[in-house]
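Asker: what's the 3D shape of this:
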Amino acid sequence: MNEKHSEIESLLLEWESGTLSEADLARLQMLLKEDPEARQLYVQWQMLSTAFELQSQGVSSTTPSNLPTMATSRSLSWASVAGLALAACVLLSVGLVWSLWYAGSGTSGSFRVIATPNDGAPQETTSQGIAILTRLVEPAWPQGQKARQVGEALTSGRFQLNEGLAQIEFFCGATIVLEGPADIDLQSSSHALVRTGKIRATVPPAARGFSLDTEQMKVVDLGTEFGLSVSADSVDVQVFDGEVELHPQAKDVRRITTGQGVRLRNSGDLTDLAMQPDEFVDITELESLSEQQDQQHYHQWKTWSDAIRGDDRLVTHYAFDQLNDWQRRLACDVVPDNRDLDGAIIGAKVAPGRWPQKGSLEFKQPADRVRVNIPGEFTSLTFACWTRIDSLDRMFNSLFLTDSYDKGEPHWQILDTGQLYFSVRPVDRATKNGPKDFKALSPSFWNPSLQGKWIHLAVTCDWDSRTIIHYLNGRELSRHVVPAEQMPDSAQIGTASIGNWELPTLPNAAFAVRNLNGRIDEFMIFSSALSPEEIQDIYDHGKP
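Answerer: Numbers count the residues shown, from 1 in each chain. Presented below is the predicted three-dimensional model:
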């Protein structure tokens, strides 16, 4: 991408964020007036913004004659800019239905990728899966297999569990409790192959016909609750309620009902089996074990949290713990106590956190926020938080934003493209000429499977190496080296908001809607750039 494009896009991004200075606005107006290529880029930017807005509202993006432009919410001085682009907008709107632009920034500079569907139809979000993992109790996974997460959509394929318990809900409506060691193949929304392990299946009428296969026999539900145990020597089936149909190899089909059990040996012999329902964990018992696990994990986090409070690098730590609905003060948990660092809760509602025993704040309305005032100057910073994102329905979704975004002030947010965005302003806002802020944009991490799940986000900014690193769930997501001229001498915070932006620069008392749509239940700032190992340690001690 040429230098002119980079400049225009930087100016447009600042305009959208409400941080464009008067001098930069004049520069942008001049470019739009004199350069057709600049006007084309502006129109594409406008169409992208409108398309995201229409998609979030469920409106077709194929009616350009009715498209509202985002310029209508800008200052009056911007009206002349929109007018300059109007003619180009009319010409481009016929052929430009959708542009999805990906913005990145790193050591190699910024880049964009443009993708345009060829049919003009609105693109629906898609997901894959035949079942969902709804509970895990003390799981241990085979070496080399990624750890599964509660809420994960499971696709067809192998599911192995060395130890522990897993509850899987098939899309047909059947639910199984799987006890490790177990090895099964998920084959469809109503069918699985069991190689080894214990399973207790609950199958309501709507899921009748759900089946579990073994190498020796097929077990078909007829509306029931049953247990299946597959070992190297035999296959055991017990019916706790209802009826199942057994299809042994080379043998007649047999039905067994409530209170009956059978054992199929490797020799092919099929014999009756005494009922032993206690051998299989049911959903009620699993729920109790899950609650005990939550309690244990909460206390482990609490012990770690109490210890980290004494870290002399810790600027502020908001644990969001033990909150009450009436409470409008968010305690800062650093040691020694400093009540001046307490936050003011505005609008945000108290909600459950990572565990039922722990609190969080839910940000939903445009006014929801936590106001803080953090003094001091810093030559390195780490921001870390646990958040549950319900939707990225704002162009900028705030994690932590200072009020005025002046020299040395950091901004940390998520774009609606799913990219983490961190920047520190290198010069005073009043400076007419000078370097722009470096926008450290990660690759997009967001996908529909993360919606409503607790994730850990962190970013470090090291002044000595001029390096910004984004982290997701303890792992490095992207690394960016800031040019020397774009790095201020130090950072400062002052008045700021968690989960929102307090004082945007738009006129007429209007403000950009940047509130996070989701929850936060822990927020930390350190006065140094933590190492990757330390970020991983925070994640390991706090993961639900």
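
Asker: neighbouring strands - and their directions - for the host helix or strand of residue 167?
Answerer: Here residue 167, judged by DSSP states H and E, is contained in strand 163-170. Paired strands of strand 163-170, with direction, are strand 131-140 (antiparallel), strand 175-188 (antiparallel) (DSSP bridges).

Asker: which elements pack onto the helix or strand just after the first one?
Answerer: This means strand 131-140. Next helix or strand after strand 131-140 toward the C-terminus (DSSP H and E): strand 153-154. Other elements packing on strand 153-154 under the criterion 3 or more Cβ pairs under 8 Å, 6 or more residues apart in numbering; DSSP states H and E are strand 131-140. Every C-beta, even on glycine, is put in place using the N, C-alpha and C of the backbone.

Asker: so how far is the strand it packs on from its chain's centroid?
Answerer: 19 Å (Cα atoms, centre = their mean, to the nearest Å).

Asker: could you dump that strand to CSV, C-alpha only?
Answerer: The C-alpha atoms that make up strand 131-140 are tabulated as CSV, following Å, rounded to 0.1, in the frame of the first residue of the first chain:
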residue,chain,number,x,y,z
ALA,A,131,-23.1,-31.1,19.7
ILE,A,132,-22.0,-28.8,22.4
LEU,A,133,-19.8,-29.4,25.4
THR,A,134,-21.7,-28.1,28.4
ARG,A,135,-19.8,-29.3,31.5
LEU,A,136,-16.3,-30.5,32.4
VAL,A,137,-15.2,-31.8,35.8
GLU,A,138,-11.4,-32.2,36.3
PRO,A,139,-10.7,-33.2,32.8
ALA,A,140,-7.3,-34.6,31.6
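
Asker: tell me, please, where in the chain the pLDDT is lower than the cut-off.
Answerer: Counting by pLDDT under 70, the chain shows low-confidence ranges at 1-6, 16-23, 26, 34, 43-127, 503-511.

Asker: can you give me the helices for it?
Answerer: 3-17, 22-34, 36-57, 79-95, 283-308, 532-542 (DSSP state H).

Asker: next, count neighbours for residue 306.
Answerer: Counted with other Cβ atoms under 10 Å, residues neighbouring residue 306 total 12.

Asker: quick thing: my sequence starts at 17, can you match it?
Answerer: With 17 as the first residue, the last one maps to residue 322.

Asker: which ones are touching the residue in the chain sticking out farthest from the centre?
Answerer: Here the chain reaches farthest from its C-alpha mean at residue 285, the gap being 51.6 Å by Cα atoms, centre = their mean. Contacts for residue 285 were tallied using Cβ atoms under 8 Å, 6 or more residues apart in numbering; there are none.

Asker: wait, residue 454 touches residue 504, no?
Answerer: No - at 10.3 Å, residue 454 does not count as touching residue 504 under the criterion of Cβ atoms under 8 Å.

Asker: pull up the overlap in contacts between those two.
Answerer: Residues touching both residue 454 and residue 504 (Cβ under 8 Å, 6+ apart) are 440, 442.

Asker: let's have the strands paired with strand 179-186 in CSV, adding distance to residue 327 and mean neighbour count.
Answerer: Shown next, in CSV, are the strands paired with strand 179-186 (distance: least, Cβ to Cβ, whole Å; neighbours: other Cβ atoms under 10 Å):
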stretch, distance to residue 327, mean neighbour count
strand 147-156, 29, 18
strand 191-204, 37, 19
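
Asker: in JSON lines: these, plus distance to residue 260.
Answerer: Converted to JSON lines, these look like this (distance: least, Cβ to Cβ, whole Å):
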{"stretch": "strand 147-156", "distance to residue 260": "20"}
{"stretch": "strand 191-204", "distance to residue 260": "14"}
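
Asker: residue 178 is nearest to which of these?
Answerer: Closest approach to residue 178 among those (Cβ to Cβ): strand 147-156, 4.3 Å.

Asker: the residue nearest to residue 305 when sequence neighbours are not counted and residue 247, how far apart?
Answerer: Leaving aside its sequence neighbours, residue 305 sits nearest to residue 153 (Cβ to Cβ, 6 or more residues apart in numbering; 4.8 Å). Distance of residue 153 to residue 247, computed by Cβ to Cβ, to the nearest Å: 22 Å.
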